[in-house]
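**Student:** what follows is a protein structure lacking sequence information:
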């Protein structure tokens, strides 16, 4: 079963606007990660946030984690055309010793 | 230039044939993984290996086999027993078997004709 579920499934915005994607999960986690995938390519790790952290920044990325609500959000500020991609959250499943990926949010930045 | 390479990029298979997908890494990572991705879906774990000569089944191992004879290499064989093999296959590695950053290869798109 999927641990992480992203919302929305697809998002289309104008260049320069901010993009926000959300991820919900079901069980307790040690950390949550966000990955980007350009069409037909492999995934690229963006950021990892640990369960004892509430917010983390990396360049134009801002990730928040609310363990009480079992949810995370990824904010991309001042979006660019190059940000067009699918974004996945991944959580650790201690029992099964694996990362569990959500279905992703497909982000389109319109010039 | 370190990284993970996968070959081929595109692969076509006739029904009933076995095919092997290559995955090589020069990152000196102990752990390696194979994932399957279907259109519009997330990744599902096929097999993983935390060390040479050891590997474990993931969520969807049926119809697949792997080997880990060398640290750098983790080939995946898609056998004729896999009933719906058309998909995008991604190989990944991490320093050790944990839940931190995984590094991904560029993927192989397999199509069954």
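**Tutor:** Right, received. Where do you want to start? Keep in mind it's a predicted model, so treat the numbers as computed, not measured. Numbers count the residues shown, from 1 in each chain, chains lettered A, B, ... in the order given.

**Student:** number of residues surrounding residue A:52?
**Tutor:** Residue A:52 is flanked by 9 other residues according to other Cβ atoms under 10 Å in any protein chain shown. C-beta: built from backbone N, CA, C; applies to glycine.

**Student:** can you pull the phi/psi pair for it?
**Tutor:** With angles defined as degrees, to the nearest 10, residue A:52 sits at phi -90, psi 10.

**Student:** how much space separates it from residue B:85?
**Tutor:** The gap separating residue A:52 from residue B:85 is 42 Å, by Cβ to Cβ, to the nearest Å.

**Student:** what segments of chain A are strands?
**Tutor:** Counting by DSSP state E, chain A has strands at residues A:5-7, A:10-14, A:19-24, A:31-37, A:43-50, A:55-58, A:61-66, A:71-76, A:85-93, A:98-101, A:105-110.

**Student:** which bits of chain B sit near chain A?
**Tutor:** Proximity of chain B to chain A, by Cβ under 8 Å from any Cβ of the partner chain, involves residues B:4, B:6, B:35, B:40-43, B:45, B:48, B:56, B:58-59, B:88, B:90, B:92, B:97, B:99-107, B:109.

**Student:** PyMOL command for the buried members of those residues?
**Tutor:** Typed into PyMOL, the next command selects the buried ones out of those (criterion: 16 or more other Cβ atoms under 10 Å in any protein chain shown):
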select buried, chain B and resi 4+6+35+42+43+45+48+58+88+90+92+97+99+101+102+103+104+105+107
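
**Student:** now, the residues of chain B next to chain A that are in helices?
**Tutor:** Secondary structure of the residues of chain B next to chain A is defined by DSSP state H; no position falls in helices.

**Student:** ok, and the closest non-adjacent residue to the residue positioned nearest the centre of chain B?
**Tutor:** Nearest residue to the geometric centre of chain B (Cα atoms, centre = their mean): residue B:34, 3.0 Å. If you skip the residues right next to it in sequence, residue B:34 has residue B:46 as its closest partner in space, 4.3 Å away by Cβ to Cβ, 6 or more residues apart in numbering or on different chains.

**Student:** next one: residue A:99 from chain B, what distance?
**Tutor:** Relative to chain B, residue A:99 is positioned 6 Å away (Cβ to the nearest Cβ, to the nearest Å).

**Student:** and that residue, how many neighbours?
**Tutor:** Neighbours of residue A:99 using other Cβ under 10 Å come to 29.

**Student:** so for it, what's the pLDDT?
**Tutor:** Confidence per residue is given as pLDDT, and for residue A:99 that number is 88.

**Student:** show me where pLDDT drops low in the chain?
**Tutor:** All of this refers to chain A. Screening chain A residue by residue with the criterion pLDDT under 70, one finds the ranges A:1-4, A:94-96.

**Student:** my question was about chain B, not that one.
**Tutor:** Segments of chain B classed as low confidence (criterion: pLDDT under 70) are B:1-2.
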